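>>> I would like to see how this sequence folds:
(2 chains, ligands or ions: 2)
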Amino acid sequence: MATISLSSVGKVYPGGTRAVSDLNLDIEDGEFMVFVGPSGCGKTTALRMVAGLEDITEGTISIGDRVVNGVDPGKRDLAMVFQNYALYPHMSIFENIAFPLRARHMAKDEIRSRVERAAGLLGLTEYLRRKPRTLSGGQRQRVAMGRAIVREPQAFLMDEPLSNLDAKLRVQMRSEIANLQKELGITTVYVTHDQVEAMTMGRRIAVMRKGVLQQEGPPQNVYAHPANIFVAAFIGSPGMNFFEARVERCEASYQLHLRDQVLSLEPGVVRGRPSLEAFVGRCVGVGVRPENLALVDESSGSLRARVSRVEVLGAEALVYADIAAKAVVADEVIEAADSGEGDTRAPGSTGDEGEVTLIIRTDPSLEIDVGDRIPISVRQDRLHLFDIGTGMAIWT
Amino acid sequence: MNKRYTWRTFGHELVMLVLAAGFCLPLYILISVALKPNDQLFTKPWEFPAQPDWGNFSEAWGERTDPTLTQSLLSSAIITISAVVILIVTGSLCSYVLARRPGRLSNLLYVLFLLGIIVPFQLCIVPLYVGFRTAGITGTYLSMIILWVGVFMPLTVFLYTGFVRQLPRDYEESARVDGAGIFRIFFRVVFPLLRPVTGTVAIMTGLFIWNDFFASLVFLGGTQNATIPVAIYSFVGEYLTKWNLVFAVVIIALAPLVIFFVLAQKQMIRGFAGGIRG
Ligand SMILES: Nc1ncnc2c1ncn2[C@@H]1O[C@H](COP(=O)(O)OP(=O)(O)OP(=O)(O)O)[C@@H](O)[C@H]1O
Ligand SMILES: [Mg+2]
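Ligands and ions are numbered 1, 2, ... in the order given. So this is what the prediction gives:
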């Protein structure tokens, strides 16, 4: 078991594609770290550099306190789980799991007992004599895990190990892998494009976009305090609501001016953000998550919207409602929305021309009809403001 | 599956049956003649002998030829098996490197191999003969093994390289991360995955080498190391009238091939069915 640290790591593929730039990350001993981001953002490349399967163009990677830049993959003492498992089709399950031990010339008895222990842990004992092609997807996934844990390596590297499974099995394996990792306490780097997987499994997540690390931290932190508009849009399902508003001063506080409505900012929001001063008279991006909008009665609503659709999902309902405002059309939001699942708004989230569709997560027992004009309240302590020019969140 | 059995289907089947019968005809003649007693050879050329004369086989086998049939069969086996094994081992290793090593040199070498497929080897017989004589190995097994390995290496490399190129790298990468060295990776992981090609190469080259008459006659004719087709030829010369004996020998020469085919076919089908899925 060991720490893994990446310092100023960059990768340019032969042919000139830059896949990773200036990646700095320290992964602690025993930690479950998830790399997450949309397709093509360089997650796999970063992982493969740690594994030694890809040359490191810039920077250094160390495992423990050894710099491994020039170290052969086999000498890094890591175990990797591939997206398609890469189980050797001609070997039995036993031989597949035993392979890393045989490669290290371990004694026969020791191999047998270790393979049996790993198989027992994963519920594979009765399949040891079978060939991979006779196993189900979930069982193959377990065999791949078995091959990784059998050697007790310094770290596990996993590249989208669950993406070939159906939704139900994925949820089950998600917790199985997380539990197994906790039990073994082995440092793990896990790559996924699925933010739900990242949120539920990672002790820490690193969000990447176009080869650049956007933000890292515990999932709840990233969720609550996204550093920029991309992270805000990428994490969470359904995604955060965005619209543009002009900042205006109003006595001691500020107001956000939408097309035809005004949202007064509470003192708490303003106090923490002295830099808002600089945005007076300009437009900012406003972000608010579906669960931080609420349907209220006429008197306390701070915004009004016209209901365009209602989806009742059992425990909750999603209300789609349009307000007159300018949509945030930054590339970041569109890219994040494209890669999100379960979000049925169009990228840029415009309803009719000049309107933005907000999603409100609410109690399914409320009776709401399409076409109603409803009052909405905004939880301002969970409000996100973004500099539209740079995409950075305004937290100061 | 709601296709009915129509006249059209029947027509197709009839054509197929006639074609199949056409292919079987020479085989029928081969077997029936080999079992005919001498006196029926020309009187009843098309009939299957009423009392098969199995004695033809032992008589043919017992003919005192030089080299004996046993020796010739052995020569054929040594040359064919050695050449095929060398082709498979060196060809697959070489193709693996050509397919996986990035860069221009690999491509250049690959193209050179491809050119080798186009050159008819008959053109090289004379220079080869001179070369073998200079090396002092004319008429030996070694010369024939060298010849066949050279002749079929381009085709072998072509087949293997094409296959390796489309083999996912994950298997090798997984093995590398697990600490396997290149030989373990090749022989334990890659080579078994190449089984379909190995089967194809073994059958294609093995058949050709076993059956070859021309090169074997040129290089081994008149020596103790003559292969079975050359031996059959000398049989024909000496016993021009005893076609039943000649055909019996042909069947003896074919037997190892048929056995090999039956075994290898099973292997190959399993190889294909196993595929390259995880
Ligand atoms: N072998 C390669 N040669 C050249 N470019 C590559 C190579 N592998 C990846 N790339 C490029 O590097 C970038 C990052 O790729 P990478 O595979 O790391 O993305 P990813 O985040 O894993 O995406 P996904 O979620 O789709 O797996 C992409 O733009 C890709 O086109
Ligand atoms: Mg990837």
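>>> going by C-alpha atoms from here, please, whenever you check contacts or count neighbours.
Fine.
>>> helices along chain B, start to end?
B:7-34, B:55-62, B:69-100, B:104-118, B:125-135, B:141-165, B:170-177, B:182-184, B:191-193, B:195-211, B:214-220, B:228-238, B:243-274 (DSSP state H).
>>> now those helices in CSV, with mean neighbour count?
Output for the helices of chain B, formatted as CSV (neighbours: other C-alpha atoms under 10 Å in any protein chain shown):
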stretch, mean neighbour count
helix B:7-34, 14
helix B:55-62, 16
helix B:69-100, 20
helix B:104-118, 14
helix B:125-135, 14
helix B:141-165, 21
helix B:170-177, 22
helix B:182-184, 13
helix B:191-193, 19
helix B:195-211, 20
helix B:214-220, 18
helix B:228-238, 19
helix B:243-274, 17
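>>> nearest to A:V81, out of the ones you listed?
Taking C-alpha to C-alpha, helix B:170-177 is the member of those nearest to A:V81, at 7.9 Å.
>>> if we can go back for a sec, out of the helices of chain B, which gets the lowest mean score?
Ranked by mean pLDDT, the helices of chain B bottom out at helix B:243-274, with a mean of 75.
>>> show me where pLDDT drops low in chain A?
Scanning chain A for pLDDT under 70 picks out the ranges A:1, A:339-353.
>>> show me which residues of it sit near ligand 1.
A:Y13, A:T17, A:A19, A:P38, A:S39, A:G40, A:C41, A:G42, A:K43, A:T44, A:T45, A:H193 (C-alpha under 6 Å from any ligand atom).
>>> chain A is nearest to which of the helices of chain B?
Each of those has some distance to chain A by C-alpha to the nearest C-alpha; the shortest is helix B:170-177, at 4.6 Å.
>>> who are the packing partners of that closest one?
Counting contacts by 3 or more C-alpha pairs under 8 Å, 6 or more residues apart in numbering or on different chains; DSSP states H and E, helix B:170-177 is packed against strand A:78-81.
>>> report the angle between the following helix or strand past the strand it packs on and helix B:170-177.
As assigned by DSSP states H and E, the chain's next helix or strand after strand A:78-81 is helix A:93-103. Interaxial angle of helix A:93-103 relative to helix B:170-177 (axes from the mean of the first three to the mean of the last three C-alpha atoms, to 10 degrees): 40 degrees.
>>> buried subset of the residues of chain A next to ligand 1, written for ChimeraX?
To isolate the buried members of the residues of chain A next to ligand 1 in ChimeraX, using 16 or more other C-alpha atoms under 10 Å in any protein chain shown:
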select /A:19,38,39,41,42,43,44,45,193
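>>> distance between the ends of stretch B:95-109?
Terminal residues of stretch B:95-109 lie 10 Å apart, using C-alpha to C-alpha, to the nearest Å.
>>> do a quick rundown of the helices in the stretch 201-350 of chain A.
A:219-224, A:229-234, A:267-271, A:331-339 (DSSP state H, counting those that start in this stretch).
>>> what packs against the first one?
Other elements packing on helix A:219-224 under the criterion 3+ C-alpha pairs under 8 Å, 6+ apart are helix A:195-201.
>>> can you pull the phi and psi angles for the residue in the stretch 151-300 of chain A positioned nearest to chain B?
Using C-alpha to the nearest C-alpha, the single residue of the stretch 151-300 of chain A nearest to chain B is A:R151, 8.9 Å away. Torsion angles at A:R151 (phi, psi; degrees, to the nearest 10) stand at phi -100, psi -10.
>>> SS state for the closest residue to chain B within chain A?
Nearest to chain B, among the residues of chain A, is A:G74, at 3.6 Å (C-alpha to the nearest C-alpha). Secondary structure state of A:G74, per DSSP: H, G, I helix; E, B strand; the rest coil, is helix.
>>> I figured it hits B:G179, correct?
Yes: counting by C-alpha atoms under 8 Å, A:G74 touches B:G179, with 3.6 Å between them.
>>> about what we covered before: now render the helices of chain B as CSV, adding distance to ligand 1.
Formatted as CSV, these follow (distance: least, C-alpha to the nearest ligand atom, whole Å):
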stretch, distance to ligand 1
helix B:7-34, 49
helix B:55-62, 62
helix B:69-100, 13
helix B:104-118, 17
helix B:125-135, 45
helix B:141-165, 14
helix B:170-177, 13
helix B:182-184, 21
helix B:191-193, 23
helix B:195-211, 27
helix B:214-220, 47
helix B:228-238, 52
helix B:243-274, 27
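>>> for chain B, what are the nearby residues on the stretch 101-250 of chain A?
A:A103, A:R104, A:P132, A:R133 (C-alpha under 8 Å from any C-alpha of the partner chain).
>>> now the residues you listed: which count as buried?
Here, 16+ other C-alpha under 10 Å leaves A:A103, A:P132, A:R133 buried among these.
>>> between the residues you listed, which is nearest B:V85?
Nearest to B:V85 among these, with distances taken as C-alpha to C-alpha, is A:A103, at 26.2 Å.
>>> leaving out chain neighbours, which residue sits closest to that closest one?
B:A180 (4.8 Å; C-alpha to C-alpha, 6 or more residues apart in numbering or on different chains).
>>> tell me the confidence at the residue of the stretch 51-200 of chain B at minimum distance from chain A?
Here the stretch 51-200 of chain B gets closest to chain A at one residue, B:G179, 3.6 Å apart by C-alpha to the nearest C-alpha. Listed pLDDT for B:G179 reads 93.
>>> B:I276 now?
41.
>>> burial count for B:F186?
B:F186: 18 surrounding residues under other C-alpha atoms under 10 Å in any protein chain shown.
>>> that one: what's it in contact with?
By C-alpha atoms under 8 Å, 6 or more residues apart in numbering or on different chains, B:F186 lies in contact with B:L93.
>>> let's see 10 Å
By C-alpha atoms under 10 Å, 6 or more residues apart in numbering or on different chains, the contact set of B:F186 is B:S92, B:L93, B:Y96, B:E172, B:A175, B:A180, B:P192, B:L193.
>>> for the nearest residue in space to the first one that is not next to it in sequence, give me its contacts.
Counting by C-alpha to C-alpha, 6+ apart, B:S92 lies nearest to B:Y160, which is 6.0 Å off, once chain neighbours are set aside. Residues counted as contacts of B:Y160 (C-alpha under 10 Å, 6+ apart) are B:88, B:91-96, B:98-99, B:154, B:194-198, B:200-201.
>>> shouldn't A:Q181 be in contact with A:M158?
No: the criterion here is C-alpha atoms under 10 Å, and A:Q181 misses it with A:M158 at 11.8 Å.
>>> overlap of the contact sets of those two?
With C-alpha under 10 Å, 6+ apart, A:Q181 and A:M158 have common neighbours A:T188.
>>> neighbour count: these two, which is higher?
Remark: of A:Q181 and A:M158, A:M158 carries more neighbours, 25 against 18, as counted by other C-alpha under 10 Å.
>>> wait, isn't that one in contact with A:A178?
No: if you go by C-alpha under 10 Å, A:M158 and A:A178 don't touch, sitting 12.0 Å apart.
>>> let me know the secondary structure of the nearest residue in space to A:D322 that is not next to it in sequence.
Closest residue in space to A:D322, ignoring its immediate chain neighbours: A:T357 at 4.4 Å, by C-alpha to C-alpha, 6+ apart. At A:T357 the chain is in strand, as set by three-state DSSP.
>>> next, count neighbours for A:T357.
28.
>>> tell me the contacts of A:G268?
A:S253, A:Q380, A:D381.
>>> which among those end up buried?
Judged by 16+ other C-alpha under 10 Å, buried ones among the contacts of A:G268: A:S253, A:Q380.
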